Each structure stands twice: as structure tokens, then as C-alpha cells.
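1. just a sequence and a predicted model for now, questions to come.
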Amino acid sequence: MGPLKRLRKELQALERAPDADIDLQPQQNDIRRWQAVIRGPGETPFEGGTFQLLIETGEICLDILKKEWSPAWSLQAACRAVMALLAAPDADSPLNCDAGNMVRAGDMRAFNSLAKMYTAEYASVDLSLSS
């Protein structure tokens, strides 16, 4: 199956069975560029936040998005992996060096405080793509 056909199939599946935690749609009706809004996982400093992802940048350090990528992974599964990273941060290759240093040092109290601050400042607006 070609990539465009696969992406159309994923879009149809998402339209049939929407995900309460992930709003995933092609960006500006271009099936090759996607935008996602994910909800911060419960019982984490990200709870209550909404996070916008542009699916094409590759700036998130997840094995499934880099060396372990396989056609078996759907866009929705990639978004779920990002949510799992929010719930269990990995300090090996952080986007935010200060947060990574806190996790690496085992200072989860400082990390949680920083993550809550960023969530309140940047991720508390409802970014639903459907509205």
C-alpha cells in the first residue's frame, strides 16, 4: 500500500472511531502533513494541558519515531507514544535540557514543578482541531 493510500485509510479510521485524548487531522487538507492535539496524561504534571504536534518535524526523541519506526505504527500510535513519554520522561535526549538534568539527577519534585509551570503557561488552552 502506498503512503498516501495508507494515510487516507488512517484518516477514515480516525473519523469512524475518534480518540478522546488525541485529535489528529491532516493539516490544511494536505494528507501528507498532519497536526495533532493531545491531552496531557492524568496524574502527571501535564494533566489538564493540551499539546499541539506537527507531524513532520522529528524533534521528539522516541525510538519509534527514529530508529525503530515501522509501517506498523500508525500516526495515532505515535501520538500515544508521545503521551507515554509525558507520563514517564526519559532524560537521555531531552528537548529541554534543564528538565532532563532534573530527571537525570532524580529530582522529580523540581521536574514536576517545572513541567506544571510550562503546562500552565503554554498548554492550558483548548486547541481542539475540531472546533
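-> Noted; the coordinates are in hand.
2. just the helices in the protein please.
-> Under the criterion DSSP state H, helices of the chain are mapped to 3-16, 75-87, 97-104, 108-122.
3. could you give the angle of the third one to helix 108-122?
-> Going back to what we said before, that points to helix 97-104. 150 degrees (axes from the mean of the first three to the mean of the last three CA atoms, to 10 degrees).
4. alpha carbons of helix 97-104, as PDB, please.
-> Coordinates of each C-alpha in helix 97-104 appear next as PDB, following Å, rounded to 0.1, in the frame of the first residue of the first chain:
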ATOM      1  CA  CYS A  97      18.000  20.400  29.000                       C
ATOM      2  CA  ASP A  98      17.000  21.700  32.400                       C
ATOM      3  CA  ALA A  99      14.200  19.300  32.700                       C
ATOM      4  CA  GLY A 100      16.400  16.500  31.500                       C
ATOM      5  CA  ASN A 101      19.100  17.300  34.200                       C
ATOM      6  CA  MET A 102      16.400  17.300  36.900                       C
ATOM      7  CA  VAL A 103      15.200  13.800  35.800                       C
ATOM      8  CA  ARG A 104      18.700  12.600  35.400                       C
END
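5. out of the helices of the chain, which is closest to R33?
-> helix 3-16 (9.9 Å; CB to CB). Placement of C-beta: from N, CA and C, glycine included.
6. if anything else comes up later, I'll come back, but that's it for now.
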